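Asker: Below is the sequence, then the predicted model.
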Amino acid sequence: MNSSILIKKKDKFFVEDVCIESIIEKFGTPTYIYSKQRIVDNFKNLESAFKNVDHLICFAVKANSNLAILNLLAKNGAGFDIVSGGELRRVIAANGDPKKIVFSGVGKTSEEIKLAIENNILAFNIESEDELIRIQEIAKSLNKKASISIRVNPDVNANTHPYISTGLKENKFGVSEESALILYKKAKTMDSILIKGIDCHIGSQITDLKPFEDSVKKLIALIDKLELVGIKIKHMDIGGGIGISYNNEKTIAFDDYAKAVFTLTKGRGFKILLEPGRVIMADAGAILTKVEYVKKTQDKNFAIIDAAMNDLMRPSLYGAFHKIFNTSETTDKESVFDIVGPICETGDFIGKDRVISIEPNNILVIMDTGAYAMSMSSNYNSRPRLYELMIDKHKIYTIREKETFDDLIKGEKVLSES
């Protein structure tokens, strides 16, 4: 993947042309920051890799759903992969094109389906027979036709963390190849359903090309079977899941990924849809945080910071690794530290067993947090959600205000005595 967005010039650290110190002086810590240039570069590099393939990149909104980010990607031609009605509304609010939206997820409600049909989305990625029947009924009641793909679970091991693996037969997502064939035949008989595509998504943070190749081969074999019964597929949605280098892992080059897809699908005549999220956003973001206390015991050293698991859930949720840099000058020698937050949970850690020189009031930068940080954040321990800042060359744009206490208690009521 690309180099870090954090750049050292002489003795100071910058993101694009903005000094970290100037951000902290104005906005404090902790705070999320994003490099606009990195977001655009990541998207355009993926687009360029697929220049020889008829394709549409549908950004996975769940990775980061900020309106400014969605709008930036929409302006650069992105479509969107959504998993809720709220995400659909966000894309529309960000001036995204509903006709470039695919709707994934196993639990689409009737209200969400109705909203998506009314906005003429590109396709629903169907996850079950019950869902197909429900979409048919709602589309018919609206006197409209709903475009669908069926999400096939190819039973391919993506070799990633079990919590973010989605393509095995024991996962809740999609249907088996055998069931998909039956569902397509059923969909063909439905008067308010238009069969558009076929879909799969095998997991997230995948760093090996082979699982992608295996899943595409299985989809092509199924497409051939469908053609024999008169069902023509117009697009193949190969999902997302390309990993990034959080901890110096070897990753998949965009060009290699595109070449593999091109080789396997050449001459087939259908469009390729991709659903990347992490690989567009993760390395474009960071969290700035301050060391509140250093606590050294006989058994363990702790650096207690003002960011916490509610700001970055990934380490607590599945042991994810994020590089952490100290941008402050220190006189203390390097030691092994756990970098932990102030939340009252043992699981509130950002990094474990890090060799680092660290002192109170030092400023740390937690890297690669542009995806699945803010979008998974919470108000646990009544902590407000943070500023989100977009760095564009020498300018800082506030793309989300930090929450206030009034925001935290909005909608809550104290019972009045009867």
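Answerer: Happy to help now that I have it.

Asker: the strands in the stretch 251-400 of the chain, which residues?
Answerer: Counting by DSSP state E, counting those that start in this stretch, one finds strands in the stretch 251-400 of the chain at the ranges 271-274, 285-296, 301-305, 324-326, 335-340, 349-356, 363-367, 388-392, 395-400.

Asker: Dump those into a markdown table; add mean pLDDT as well.
Answerer: Output for these, formatted as a markdown table (pLDDT from 0 to 100):
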| stretch | mean pLDDT |
| --- | --- |
| strand 271-274 | 96 |
| strand 285-296 | 97 |
| strand 301-305 | 97 |
| strand 324-326 | 97 |
| strand 335-340 | 97 |
| strand 349-356 | 97 |
| strand 363-367 | 98 |
| strand 388-392 | 98 |
| strand 395-400 | 98 |
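
Asker: between these, which gets nearest to residue 50?
Answerer: Between residue 50 and those, the tightest spacing by C-beta to C-beta is seen for strand 271-274, at 7.2 Å. In short, each C-beta sits where N, CA and C put it, glycine included.

Asker: tell me which strands and helices the closest one is in contact with?
Answerer: Helices and strands touching strand 271-274, as assessed by 3 or more C-beta pairs under 8 Å, 6 or more residues apart in numbering; DSSP states H and E, comprise strand 55-60, strand 235-237.

Asker: who touches the longest one?
Answerer: So the one you mean is strand 55-60. Contacting residues not belonging to strand 55-60 are listed as 43, 46-47, 50, 70, 73, 77-81, 100-102, 235, 237, 240, 271-278, 280 [C-beta atoms under 8 Å, 6 or more residues apart in numbering].

Asker: centre of the chain versus it, how much separation?
Answerer: Offset of strand 55-60 from its chain centre (C-alpha atoms, centre = their mean, to the nearest Å): 12 Å.

Asker: Please apply the same query to the shortest one.
Answerer: From the chain centre to the centre of strand 235-237 is a distance of 20 Å (C-alpha atoms, centre = their mean).

Asker: Just the residues contacting it, thanks.
Answerer: By C-beta under 8 Å, 6+ apart, strand 235-237 touches 56, 58, 102, 123, 125, 149, 196-201, 216, 219-220, 223, 265, 268, 270-275.

Asker: now the strands for the stretch 1-150 of the chain?
Answerer: Counting by DSSP E, counting those that start in this stretch, the strands of the stretch 1-150 of the chain are 6-9, 12-15, 18-19, 31-35, 55-60, 79-82, 101-103, 123-126, 146-151.

Asker: possible to save these as CSV with mean neighbour count and mean pLDDT?
Answerer: Output for the strands of the stretch 1-150 of the chain, formatted as CSV (neighbours: other C-beta atoms under 10 Å; pLDDT from 0 to 100):
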stretch, mean neighbour count, mean pLDDT
strand 6-9, 13, 94
strand 12-15, 19, 96
strand 18-19, 16, 98
strand 31-35, 26, 98
strand 55-60, 25, 98
strand 79-82, 28, 98
strand 101-103, 26, 98
strand 123-126, 28, 96
strand 146-151, 26, 96
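
Asker: Including distance to residue 228, could those strands go into CSV?
Answerer: Output for the strands of the stretch 1-150 of the chain, formatted as CSV (distance: least, C-beta to C-beta, whole Å):
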stretch, distance to residue 228
strand 6-9, 54
strand 12-15, 54
strand 18-19, 58
strand 31-35, 48
strand 55-60, 26
strand 79-82, 30
strand 101-103, 26
strand 123-126, 21
strand 146-151, 16
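
Asker: Quick check: which of the ones you listed is nearest to residue 250?
Answerer: Counting by C-beta to C-beta, and looking across all of these, nearest comes strand 6-9 at 21.6 Å.

Asker: For that closest one, name the packing helices and strands.
Answerer: Against strand 6-9 (3+ C-beta pairs under 8 Å, 6+ apart) you get strand 12-15.

Asker: So for residue 402, which of the strands of the stretch 1-150 of the chain sits nearest?
Answerer: Proximity to residue 402 (C-beta to C-beta) singles out strand 31-35 among the strands of the stretch 1-150 of the chain, at 7.6 Å.

Asker: Can you list the strands that the closest one pairs with?
Answerer: Note on strand 31-35: by DSSP bridges, its sheet partners are strand 285-296 (antiparallel), strand 388-392 (parallel).

Asker: Can you name every helix or strand that whatever helix or strand residue 224 lives in contacts?
Answerer: In the assignment (DSSP states H and E), residue 224 maps to helix 209-228. With contacts defined as 3+ C-beta pairs under 8 Å, 6+ apart, helix 209-228 has these neighbours: helix 177-188, strand 193-199, strand 235-237, helix 254-265.
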